[in-house]
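S.K.: When you get a sec, could you give me coordinates for this:
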Amino acid sequence: FVPDLKEHLRQHLQDVYPTLGDQDIPIILHHDRVYQHATTHVNYTSYDLQREQDIIHPSVGKSDVLVHTPSTEEHIQCPWSYARVIGIYHANVITPGTLQAHRVEFLHVRWFEQDTNWSSGSEVRRLEHVRYIPWAPDSTAFGFIDPAHIIRAIHLIPVMS
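M.R.: Residues are numbered from 1 along each chain as shown. Take a look at the predicted model:
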């Protein structure tokens, strides 16, 4: 958890603090603490151009999200990914060269992948099937995302075989 978190924080802060591109500069959490939250809110524009808000609340089942994931690979047709939010956190990161803490919000997620054995899309008039990415010690089944990258909260409907 902690090494992946620190890598996410490094990537998140690298635009503001380019010196973090050097892997020798450590990511320091203020008081070595990560703060957990019960909910987060996602603002979006509805289809009739009204401002709306989704509430992500992992402990009551409102925890699936849609995240934009641009890809340069030709065989990937879906410009978004699905994830289940496991935890909502923030950390105060000591920025390099200063003693000031920078607040960074992030979500711990479990990623879904598209079922490639299921044909979907507008041509066949079917929604996609998703499943959890299988866990392995070196897999990308779990990760961290910035709450600003969420498009919307979603409701996944289970398929019963």
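S.K.: Tell me where this protein is predicted with low confidence.
M.R.: 70-78, 121, 160-161 (pLDDT under 70).
S.K.: dump the residue contacts of D15.
M.R.: By Cβ atoms under 8 Å, 6 or more residues apart in numbering, the contact list for D15 is empty. Just so you know, the C-beta spots here come from the backbone N, C-alpha and C atoms, and that holds for glycine as well.
S.K.: And it, how far from I145?
M.R.: Distance, D15 to I145, using Cβ to Cβ, to the nearest Å: 16 Å.
S.K.: ok, how many other residues are close to the nearest residue to T39 once chain neighbours are set aside?
M.R.: In this structure, T39 finds its nearest non-sequential neighbour in H57, 4.7 Å apart by Cβ to Cβ, 6 or more residues apart in numbering. Look at H57: counted by other Cβ atoms under 10 Å, it has 17 neighbours.
S.K.: and if you look at H8?
M.R.: Neighbours of H8 under the rule other Cβ under 10 Å: 18.
S.K.: And P58, by the same measure?
M.R.: Other residues close to P58 by other Cβ under 10 Å number 20.
S.K.: ok, now how distant is the closest residue to it other than its chain neighbours from H37?
M.R.: Excluding the flanking residues, the one nearest P58 by Cβ to Cβ, 6+ apart is V85, at 5.0 Å. With distances taken as Cβ to Cβ, V85 is found 11 Å from H37.
S.K.: buried sites along the host helix or strand of the residue nearest to P58?
M.R.: Element membership for V85, per DSSP states H and E: strand 80-94. Across strand 80-94, burial judged by 16 or more other Cβ atoms under 10 Å covers 81-85, 87-94.
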